[in-house]
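# turn this into a model:
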Amino acid sequence: MQSTHFPPEKIRNIGIIAHIDAGKTTTTERILFYTGITHKIGSVDDGTTTTDWMEQERERGITIVSAAITACWKDHQINIIDTPGHIDFTAEVQRALRVLDGGVVVFDGVHGVESQSETVWRQADKYKVPRLCFINKMDRVGANYEHAMLSIRQRLHAPLALLQLPLGEEQHFKGIIDLLTMQATVWHDDSGSDPVTGAIPDAYLSAAQQARETLLETLAETDDVLLERFLEDDADDEITVAQWMSALRKATLENRLFPVLFGASLRNTAVQPLLDAIIDYLPSPVDIEAVKGINPDTQQPEQRLLTADQPLAALVFKIVSDPYAGRIAYVRVYSGELKNSATVLNAGRGKKQRIGRLVRVFADHREDIDKVPAGEIDAILSMKDIYTGDTLCDPNHPILLENIQFPLPVISIAIEPENNKDKDELAKALSQLAEEDPTFKVHTDKDSGQTILSGMGELHLEILVDRIKLEHQLGIRTGKPEVNYKETLARELDSVEGRYIHQSGGRGQYGHVVMSAKPAEPGSGLHFINKIKGGVIPSEYIPAVKKGLKEAASFGVHHGLEITDIEFTLLDGSYHNVDSSELAFKNAAVIAFKNTFIEAGSTLLEPVCKLEVVTPAEYLGDVLGQLNSKRCEIDGTELMLDGTQTIHGFVPLSEMFGYATSLRSITKGRAMFSMEFDHYAAVPKRMMSKVMPHVHQHQTPSSSVRH
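Modelled structure (predicted):
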């Protein structure tokens, strides 16, 4: 079957993003039902959702991998990616936002902004993705739209445009009031398929008129012509709804305003207006700026416009291994057309490749297509040597698009097969999983010979181990999770020397460098500054010095830990006309690096996580006491409208292993928590004796973590 291709202006590439348990997948299920993609509404609790198709997702009731699916609404094609909310799978959100044009951010009507709401919002800010705010669960006890909006304004600093008012509160929530058309829509039956639109009930009319006035003032301030007309007497009657909508669309595309809508997805209430808003206010591919990159041959900037007659430029943003279809590469086409059997250039790898079978993806099933036009997101089957972040382009017009940057892991475990004959199969399984997940790293410990897996958190590693057992049918044993520590320089050095001299039967090797070193800002990594003047060291050897420092930093000095947050300045040195070489200066830099830490010493760093705990008020004291024992720095507590208390703080990752079990124990299973990596901090001296055995156990350079 060949799918219809919509014109680019009729396409919406959107992501559903939010904190875990805000209702992303439930909202996506309702969208699929009302757009006719499914004929039965799936349930997260029952494990019958369309987008959560992995066995681990259905068992746990959470989204683990972002699922792509295509739907149609009012003569528009909507390509939807339902992303995970758990911070361990933040890479799935990041790569989705890299290729999407717009987003729907789902908020809990009771809790408003939660910890991971902030994370996904910052990620969307990074990629300048226009967003709608959908405040869900308005039927819950304690739901309050004013509180939810206040939390968005205060914690996300987002300028909002209130498009609707909720009709009814908590369990009496039954619909919405549209503030532009000044009509009320009520959902009477459980299916939510036949809402009734009519006049606003008298009890809500005054509040609606006041809210509409505020909305129109907000919109008028974004458009000088509209503002002038709005300030005239009776101008509101002359400005049409279509003109107000046009102003809001423009402001939304520019990220100057974020429209706010309400609903209760689980009760099938107010999802259709959300679909309308996606069409009305979120961008089509035509609204997005020309995609920018560099010419890999000339290193000069290039750009591509979204038209079919432009040369092909496409980005691979996700690799999935399917047990039936094999390797699936998700791709976003920015310009030109990606056609079946065409030969394209993989710009980053400098090799030509032939395109395999093209498909449109509907979660876990696929439909053949003949091409992927500019603006669409589809997939390629059966292509080897293609990876996340690769650019596919016209061989005669090469372009390399900006790659996707992922956070590196903070936690590791050792793994081995139960049967030695399965070693090769385990290596194959790990390689396949690493291709799919850029935040999952594998290496072999140089001292113990153990295979070490590194990931973003306990749940992340737990899921990966489950997949090895279930998908690859392998028996495996794992060690306890271990934190990935780092080191930095303890104090500043004005001068440190590195001299490499090697004499053999033939030509010798000579390199000599003099540098200063000092601790740098947390999270800054390793910096190198060249202050060589007058050719004391020839310029062709300077890159080798920098390379030597980077290599030495990855291997560390004392404990095999990565060295970070340090600034080296190359001040002086000497060379030999015959014996000097890049290798000699690289080795001289390594020697200087080691001498730096021998002389100045090092400080051990540990990963610290941002923590949020939601607990019934009666357990607040017990929870705080437990957190204090875990070296948690409490940042504050907040009383929610449903009577729960939210605790904010920062806690060392090493203290949080098994916390879910202990939290359940002291709160009788009624509290929940979430955390995400935030920064590295020095390990207190009093904790060194406790930490050092874990550092020595299996820390190696490749298990290190970027800030």
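
# now the element after the helix or strand bottoming out on mean pLDDT in the chain, going C-ward?
Lowest mean confidence among the helices and strands of the chain (mean pLDDT, DSSP states H and E): helix 55-60, at a mean of 42. Next in sequence after helix 55-60, counting helices and strands by DSSP states H and E, comes strand 67-73.

# using PDB, list the CA coordinates for that next one.
Included here for strand 67-73 are C-alpha records, laid out as PDB according to Å, rounded to 0.1, in the frame of the first residue of the first chain:
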ATOM      1  CA  ALA A  67       7.400   5.900  19.400                       C
ATOM      2  CA  ALA A  68       6.600   7.500  16.100                       C
ATOM      3  CA  ILE A  69       3.100   7.300  14.600                       C
ATOM      4  CA  THR A  70       1.200   9.100  11.800                       C
ATOM      5  CA  ALA A  71      -2.400  10.300  12.100                       C
ATOM      6  CA  CYS A  72      -4.700  12.600  10.100                       C
ATOM      7  CA  TRP A  73      -7.000  15.400  11.400                       C
END
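
# how far out from the middle of the chain is it?
20 Å (CA atoms, centre = their mean, to the nearest Å).

# so what does it touch, helix or strand wise?
Contacts defined by 3 or more CB pairs under 8 Å, 6 or more residues apart in numbering; DSSP states H and E place strand 67-73 against helix 24-34, strand 76-82, helix 272-281, strand 357-362. For every residue, glycine as well, the C-beta is placed using N, CA and C.

# ok, Ile468 - how many residues close by?
Ile468 has 23 neighbouring residues, counting by other CB atoms under 10 Å.

# quick check: Met675 vs Ile413, distance?
18 Å (CB to CB, to the nearest Å).

# go on, Asn403?
Separation of Asn403 from Ile413 (CB to CB): 28 Å.

# next one: Val141
40 Å.

# again with Phe33
Taken as CB to CB, the span from Phe33 to Ile413 is 40 Å.

# one more: Ile239?
From Ile239 to Ile413 the distance is 61 Å (CB to CB).

# about what we covered before: looking at Val141 and Ile413, which is more packed in?
Between Val141 and Ile413, counting by other CB under 10 Å, Ile413 is the more crowded of the two (21 against 12).

# my guess is Asp565 meets Lys518, correct?
No: look at Asp565 against Lys518 with CB atoms under 8 Å: they stay out of range, at 10.1 Å.

# compare those two (neighbour count), which wins?
Neighbour totals were compared for Asp565 and Lys518, and Asp565 leads with 21 against 16 (other CB under 10 Å).

# can you report phi and psi for Phe440?
phi -100, psi 120 (degrees, to the nearest 10).

# check contacts around it.
Taking CB atoms under 8 Å, 6 or more residues apart in numbering, we find Phe440 in contact with 409, 433-434, 453-455, 460, 464.

# which one of the residues you listed sits closest to Ser321?
Using CB to CB, Leu433 comes nearest to Ser321 of the contacts of Phe440, at 8.1 Å.

# so what's Lys594 up against?
By CB under 8 Å, 6+ apart, the neighbours of Lys594 are 552, 557.

# that one: what secondary structure?
helix (DSSP: H, G, I helix; E, B strand; the rest coil).

# measure it to Ala552 for me?
7 Å.

# in stretch 276-291, which residues are buried?
277-278, 280-288, 291 (16 or more other CB atoms under 10 Å).

# can you measure across stretch 81-96, start residue to end residue?
From its first residue to its last, stretch 81-96 covers 7 Å (CA to CA, to the nearest Å).

# now stretch 376-393
First-to-last distance for stretch 376-393 - CA to CA - comes to 15 Å.

# what residues sit buried inside it?
Within stretch 376-393, the residues scored as buried using 16+ other CB under 10 Å are 376-381, 383, 386, 388-393.

# can you give me the strands for the stretch 301-450 of the chain?
301-304, 313-322, 326-335, 337-339, 343-346, 351-354, 357-362, 365-368, 371-373, 377-381, 391-393, 400-401, 411-417, 441-444 (DSSP state E, counting those that start in this stretch).

# what sits against Pro395?
Contacts of Pro395 (CB under 8 Å, 6+ apart): 343-345, 352.

# just put those residues in CSV and tack on pLDDT.
Converted to CSV, these look like this (pLDDT from 0 to 100):
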residue, pLDDT
Thr343, 94
Val344, 94
Leu345, 94
Lys352, 92
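
# among the residues you listed, which one sits closest to Ser602?
Among the contacts of Pro395, Leu345 lies closest to Ser602 (CB to CB), at 45.2 Å.

# the closest residue to Gly168 other than its chain neighbours - how many residues pack around it?
Nearest non-adjacent residue to Gly168, counting by CB to CB, 6 or more residues apart in numbering: Lys174, 4.6 Å away. Using other CB under 10 Å, Lys174 is surrounded by 21 other residues.

# got it, and His147?
Neighbour count for His147, taken as other CB under 10 Å: 17.

# please enumerate the strands of the stretch 501-650 of the chain.
So, for the stretch 501-650 of the chain - with DSSP E, counting those that start in this stretch - the strands run 509-519, 526-530, 566-574, 602-616, 633-639, 644-652.
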